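A.B. asks: Got a predicted structure plus its sequence, pasted below:
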Amino acid sequence: MSRLIVISNRVSVPQAAGVPGAQGGLAVALSSALREHRGIWFGWSGQETEEFTGHLNMQRNEDVTTATVDLEPQDIEEYYNGYANRTLWPLFHYRIDLTEYDRNFSEGYERVNARFADSVLPLIEPDDLVWVHDYHLLPFGSILRQKGVRNRIGLFLHTPWPPARLLVSLPLHEQLVSSMLEYDVIGFQTDEWLGSFLHYVEREMGLTVDEDGSIDYNGRKIIARAFPIGIDYTEFVEGANSDEANVAHDRLRASIRGRKMLIGVDRLDYSKGLGERFESFGRFLSDNPDQAGNVVLLQIAPPSREDVASYQQIREDLERRTGHINGAHADVGFVPIRYVNRGYSRRELAGFYRAADIGLVTPLRDGMNLVAKEYVAAQSPENPGVLILSQFAGAALQLTDALLVNPHSVEHVSETIKRALEMPLAERRQRHEKLLASVQNEDVVHWREQFIAALFGEAGSLTAERPTHDHLV
Ligand code: ADQ
């Protein structure tokens, strides 16, 4: 069996389930794949060092080997805060207004990708499968190729891929995309992002895309395909039935005193549409004075990327909006928006989801959105809540039985909240049953097996000089 080498910006050291703050579904899924394949997980430690040495910090936890390196402050500024989070993240979420182009950022990005490649190179053996994750590492595969690595290498992009008309605003866009064509497999969350990518390579690069979606490039065939990510369903449901989840559920229900509750859980990020969500809830309260005092929105939003100015602005903006809406609608014993900036364990979150009558998931653009799937998985089938989901989340392509909304329209979202609150039990159950089947069947294990099978090499995707592997999975 081939080993699996996972490369991602950050590495999550495996922890036992149930530990407060234990890692999320992706980390759990990757850890179990690494365990099965005797693999290694490589990435940045999250730590700073004065001078980059490439020293690998190797650890073994719960049968998974992790290898991390520290980065210099300039690397962190230009690669992580710069090109990854000030250039690619906003551009990939269709926010060219927030996209910053700076040559130092792109140089830092290339430099850190090369440093990562140099560091991990001695760990790669000829038969290993290499699985690279996300927008931080798009050129990583091409750098490994330059260093003579002939292994199968795949990339999975967790974010959207922007339409070609937006992507061409990125200086050196063609160089970036060409570097991605050194992978054997390129995975996207949905057919929509895949379609944008294929459109770009056909129209901007003049390449041929075959019927099966594979791209002809320099005599090789690259598989480009959608692999929608899911949650670790089994682990999540187990957590949702735990004592910790029940305590969190009961505590929250008691505190809302028989009112109806909506829940939002998101990293504090402009792509999540939190400002628009608060405005929509405010509109709902204004349009339905009979409901004022009976409905609460709990928004959990842990801060992220605090060194980037646009993230500081969103935080201030949300505090202002919360104050404004609460000021207009609160009463002595009632505050309509509970806005909380901290993390919770996955089990507590599951209890909170179950306590909520409505899951309000309204990103302006999202690669997938796992919160929507977690909300569905946490509901009690006898009395499930209603999922309101943005049509611009990747998850909307699978969760078609949610109430789909345009998050930019405060009227539409406000009316949909009303509809969800009034939805009869029979309809809630019917919708939930279908949503649950999708979340359960297309879980993270399914995702990872599909990707690894494609990476392992489907017929026609291996070139003659690459080793053939026909003994895995
Ligand atoms: P994110 O943008 O981080 O992920 P999402 O898919 O919603 O978005 O995942 C967030 C995760 O963090 C969820 O598992 C959620 O439970 C957890 N979380 C959020 N707030 C929390 C809190 N306060 N305490 C504890 N846990 C919290 C990126 C892409 C998404 C894509 C995922 C996976 O932007 O589109 O779905 O990767 O590919």
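C.D. replies: The structure has been received and is ready for your questions. Model, not experiment: these values are computed from the prediction. Numbers count the residues shown, from 1 in each chain.

A.B. asks: Residue numbers of the stretch 301-450 of the chain in contact with the ligand?
C.D. replies: By CB under 6 Å from any ligand atom, the residues of the stretch 301-450 of the chain that approach the ligand are Pro302, Gly343, Tyr344, Leu349, Asp366, Gly367, Met368, Asn369, Leu370, Val371, Glu374. The way it works is simple: take the backbone N, C-alpha and C, and place the C-beta from them, glycine included.

A.B. asks: could I get these as CSV with secondary structure, pLDDT and neighbour count?
C.D. replies: Formatted as CSV, those follow (DSSP: H, G, I helix; E, B strand; the rest coil; pLDDT from 0 to 100; neighbours: other CB atoms under 10 Å):
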residue, secondary structure, pLDDT, neighbour count
Pro302, coil, 92, 13
Gly343, coil, 90, 14
Tyr344, coil, 94, 17
Leu349, helix, 96, 24
Asp366, strand, 97, 28
Gly367, coil, 97, 25
Met368, coil, 96, 26
Asn369, coil, 96, 25
Leu370, helix, 95, 25
Val371, helix, 96, 27
Glu374, helix, 96, 25
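
A.B. asks: Out of those, flag the one nearest to Asn113.
C.D. replies: Nearest to Asn113 among those, counting by CB to CB, is Gly367 at 20.5 Å.

A.B. asks: Check which helix or strand the residue lying closest to Ser242 once chain neighbours are set aside maps to.
C.D. replies: Excluding the flanking residues, the one nearest Ser242 by CB to CB, 6 or more residues apart in numbering is Arg347, at 5.0 Å. Element membership of Arg347 [criterion: DSSP states H and E] is helix 346-355.

A.B. asks: Check the burial of Asp210 by counting its neighbours.
C.D. replies: The tally of other residues near Asp210 (other CB atoms under 10 Å) stands at 11.

A.B. asks: Hmm, it is touching Ile222, no?
C.D. replies: No - using CB atoms under 8 Å, Asp210 is not in contact with Ile222, being 10.2 Å away.

A.B. asks: show me where the stretch 251-400 of the chain has helices.
C.D. replies: Under the criterion DSSP state H, counting those that start in this stretch, helices of the stretch 251-400 of the chain are mapped to 274-287, 309-329, 346-355, 370-378.

A.B. asks: so which of those comes closest to Arg257?
C.D. replies: Per CB to CB, nearest to Arg257 of those: helix 346-355, 12.4 Å.

A.B. asks: What are the boundaries of the helices in the stretch 51-200 of the chain?
C.D. replies: Counting by DSSP H, counting those that start in this stretch, the helices of the stretch 51-200 of the chain are 73-75, 89-92, 103-120, 140-146, 164-167, 173-180, 191-203.

A.B. asks: any chance of those helices in TSV, plus distance to Gly54?
C.D. replies: Formatted as TSV, the helices of the stretch 51-200 of the chain follow (distance: least, CB to CB, whole Å):
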stretch	distance to Gly54
helix 73-75	12
helix 89-92	26
helix 103-120	5
helix 140-146	14
helix 164-167	32
helix 173-180	21
helix 191-203	32
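
A.B. asks: so who does Val11 touch?
C.D. replies: Each residue near Val11 by CB atoms under 8 Å, 6 or more residues apart in numbering is listed here: Trp41, Phe42, Gly43, Trp44, Ser45, Thr66, Ala67, Thr68.

A.B. asks: For it, give its distance to Phe42.
C.D. replies: Val11 is 7 Å from Phe42, where distance means CB to CB, to the nearest Å.

A.B. asks: same check, this time on Leu137
C.D. replies: For Leu137, the distance to Phe42 - CB to CB - is 10 Å.

A.B. asks: Give me the common contacts of these two.
C.D. replies: Ile7, Ser8, Phe116.

A.B. asks: what sits against the nearest residue to Phe392 once chain neighbours are set aside?
C.D. replies: In space, and not counting its chain neighbours, Phe392 is closest to Arg365: 5.1 Å by CB to CB, 6+ apart. Listed by CB under 8 Å, 6+ apart, the contact partners of Arg365 are His93, Tyr94, Arg95, Pro160, Ser271, Phe392, Ala393.

A.B. asks: Try it again at 7 Å.
C.D. replies: For Arg365, the contact set (CB atoms under 7 Å, 6 or more residues apart in numbering) comprises His93, Tyr94, Pro160, Ser271, Phe392.

A.B. asks: Which of these fall within strands?
C.D. replies: Judged by DSSP state E, the subset of the contacts of Arg365 located in strands is empty.

A.B. asks: Retrieve the pLDDT associated with Ser304.
C.D. replies: At Ser304, the model reports a pLDDT of 89.

A.B. asks: ok, it touching Leu268?
C.D. replies: Yes - if you go by CB atoms under 7 Å, Ser304 and Leu268 touch, sitting 5.7 Å apart.

A.B. asks: neighbour count winner among these two?
C.D. replies: More neighbours surround Leu268 than the other of Ser304 and Leu268, with 20 against 14 (other CB under 10 Å).

A.B. asks: List the contacts of that one.
C.D. replies: So Leu268 contacts Ala301, Pro302, Pro303, Ser304, Tyr311, Ile314, Arg315 (CB under 7 Å, 6+ apart).

A.B. asks: now do 10 Å
C.D. replies: By CB atoms under 10 Å, 6 or more residues apart in numbering, the residues touching Leu268 are 274, 299-306, 311-312, 314-315, 318, 341.

A.B. asks: Looking at those, which two lie furthest apart in space?
C.D. replies: Ile300 and Gln312 (19.3 Å).

A.B. asks: related to what we said a few turns ago, shared neighbours of Val11 and Phe42, which are they?
C.D. replies: Thr66, Ala67, Thr68, Val69.

A.B. asks: can you map out the strands along the stretch 351-473 of the chain?
C.D. replies: 358-361, 386-390, 403-405 (DSSP state E, counting those that start in this stretch).

A.B. asks: okay if I get those strands as a markdown table plus mean neighbour count and mean pLDDT?
C.D. replies: Converted to a markdown table, those look like this (neighbours: other CB atoms under 10 Å; pLDDT from 0 to 100):
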| stretch | mean neighbour count | mean pLDDT |
| --- | --- | --- |
| strand 358-361 | 27 | 98 |
| strand 386-390 | 27 | 99 |
| strand 403-405 | 19 | 98 |
